[in-house]
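> coords below, sequence missing:
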């Protein structure tokens, strides 16, 4: 017998509310479970380190510990030898930072009634560590075991933007921590302090457009079309809060029609962002054109609820000193960056490549 659907609006609204409540409860439960698991890992890692277990119990200690914990807690997961070694490194990686502020106990007492660490910043740090899934931590341990401050940068970015592990790995590959907020700009002199800091943070230098799949030579239109064809990846590279408004957006200025390359609205800054792309080296004259677009958007699109429009010029290459001097003559908030069509290579990448002699020797041996 077929069940007739209920079309009543109040009923549908109720079902929707129940669904949202259930999903919210699932998320809260997952966060709580992750927090408790990380607190357990922290205590386990602390015990492994403080007891100097391998010195006392031999080189196969981790295999023995894994076996004994599995026997004692058969329902528990994450007790493999490999994971236990990550637990030890997890504690070592962050304990040095917490110890500096006398806040190591904050991890053990997190969320307990009346428990407070000596530093509010450290409480936030501990809370942030617990909000990131363990698999994310493993990725960061592998990458930045000796650079915990850099790992914390990615932890905070993961929390703010809700990155999956795949997106986190993509950002690691592009070395975001070396690019975030690095554009040459005049934001500090042209925007209020809080706004200027946030505006600077949304910039990158360079931008990585490796998804564009372009080879030399190419034209500006081809670059713009490639970016818009991959708009999801382009927005991910731009960062949180960017909403696409239009390409070649028409602005009626006096008796003329002017067209911006790309127009966005940033929801965090609550302002329009005009992006101009140049497939050549930065020239000071480019700023005049971009400045006109920024002024036009302020007059034609900006409302009383919006903050001043920001301009961002993205060139193939730039001279930082020339860009900095050029911006000092403008009273509009503008940033200048460059782009790359391939991901940044690690600092030691070239040194790890085999030489021609090594390649020939390998071929002979085979």
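The structure has been received and is ready for your questions. Computed from a prediction, not measured in an experiment: that's the story for all the values here.
> CA only for contacts and neighbour counts going forward, please
Fine.
> Run a quick neighbour tally on residue 65.
17 (other CA atoms under 10 Å).
> If you could redo that for residue 77, that was the one I meant.
11.
> Can you tell me the SS state at it?
coil (DSSP: H, G, I helix; E, B strand; the rest coil).
> pLDDT at it, what is it?
On the pLDDT scale, residue 77 is placed at 85.
> how about low-confidence regions in the stretch 101-250 of the chain?
101-122 (pLDDT under 70).
> again, 50 this time
Scanning the stretch 101-250 of the chain for pLDDT under 50 picks out 103-106, 109-119.
> what are the ranges of the helices in it?
In the stretch 101-250 of the chain, helices defined by DSSP state H, counting those that start in this stretch lie at 105-108, 120-130, 134-144, 148-161, 165-173, 187-190, 193-201, 220-229, 231-238, listed in chain order.
> Quick one: distance of the longest one to the chain centre.
Here helix 148-161 shows a centroid-to-chain-centroid distance of 7 Å under the convention CA atoms, centre = their mean, to the nearest Å.
> which helices and strands does it pack with?
Secondary-structure packing of helix 148-161 (3 or more CA pairs under 8 Å, 6 or more residues apart in numbering; DSSP states H and E): helix 81-100, helix 120-130, helix 134-144.
> quick revisit: tell me the most buried of the helices of the stretch 101-250 of the chain?
Stretch with highest mean neighbour count among the helices of the stretch 101-250 of the chain: helix 105-108 (a mean of 20; mean count of other CA atoms under 10 Å).
> need the helices and strands packed on helix 148-161 in JSON lines with distance to residue 257, can you?
Putting the helices and strands packed on helix 148-161 into JSON lines (distance: least, CA to CA, whole Å) gives the following:
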{"stretch": "helix 81-100", "distance to residue 257": "56"}
{"stretch": "helix 120-130", "distance to residue 257": "49"}
{"stretch": "helix 134-144", "distance to residue 257": "49"}
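> Out of the ones you listed, the one nearest residue 304 is which?
With CA to CA as the criterion, residue 304 lies closest to helix 120-130 of those, at 35.3 Å.
> packing partners for that closest one?
helix 9-50, helix 105-108, helix 148-161.
> So for residue 333, which of the helices of the stretch 101-250 of the chain sits nearest?
Here helix 187-190 is closest among these (CA to CA), at 5.2 Å.
> Pull the distance from the closest one to the chain's centre.
The answer for helix 187-190 is 24 Å, by CA atoms, centre = their mean.
> now what about that helix, what contacts it?
Residues from elsewhere that reach helix 187-190 (CA atoms under 8 Å, 6 or more residues apart in numbering): 196-197, 199-200, 331-335.
> From these, pick the one nearest residue 216.
The closest of the contacts of helix 187-190, once distances to residue 216 are taken by CA to CA, is residue 335, at 25.8 Å.
> Any idea how many residues pack against the closest one?
Neighbours of residue 335 (other CA under 10 Å): 25.
> Cross-check the contact I'm expecting between it and residue 196.
No. Judged on CA atoms under 8 Å, residue 335 makes no contact with residue 196 at a distance of 11.1 Å.
> per-residue confidence for residue 358?
51.
> my bad, should have said residue 316
So, for residue 316, pLDDT stands at 94.
> Can I take it that it is in a strand?
Yes. According to three-state DSSP, residue 316 belongs to a strand.
> Go ahead and confirm it touches residue 340.
Yes. Assessed by CA under 8 Å, residue 316 is found in contact with residue 340 at 7.1 Å.
> Find the residue closest to residue 85 in space, skipping its chain neighbours.
residue 62 (7.3 Å; CA to CA, 6 or more residues apart in numbering).
> where's the one you found relative to residue 342, distance?
41 Å (CA to CA, to the nearest Å).
> More neighbours: those two, which one.
residue 62 (21 against 15).
> beta partners for residue 271?
residue 266 (DSSP bridges).
> residues near residue 271, how many?
The number of residues near residue 271, taken as other CA under 10 Å, comes to 20.
> got a list of what it touches?
265, 302, 306-310.
> And residue 244, by the same measure?
263-265.
> Give the burial count for residue 95, as a bare number.
20.
> Distance of it relative to residue 55?
21 Å.
> Which stretches in the stretch 201-350 of the chain count as strands?
For the stretch 201-350 of the chain, the strands defined by DSSP state E, counting those that start in this stretch cover 207-208, 242-253, 256-266, 271-281, 310-317, 334-340.
> As CSV, those with distance to residue 33 would be great.
Below are the strands of the stretch 201-350 of the chain laid out as CSV (distance: least, CA to CA, whole Å):
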stretch, distance to residue 33
strand 207-208, 36
strand 242-253, 33
strand 256-266, 34
strand 271-281, 39
strand 310-317, 42
strand 334-340, 41
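> These: which one's closest to residue 326?
strand 334-340 (10.1 Å).
> Where does pLDDT dip in the stretch 251-366 of the chain?
If you take pLDDT under 50 as the line, the stretch 251-366 of the chain has these spans: 344-356, 359, 362-363, 366.
> Swap in 80 and give it another go.
The model of the stretch 251-366 of the chain has pLDDT under 80 over residues 342-366.
> Cool, thanks, signing off.
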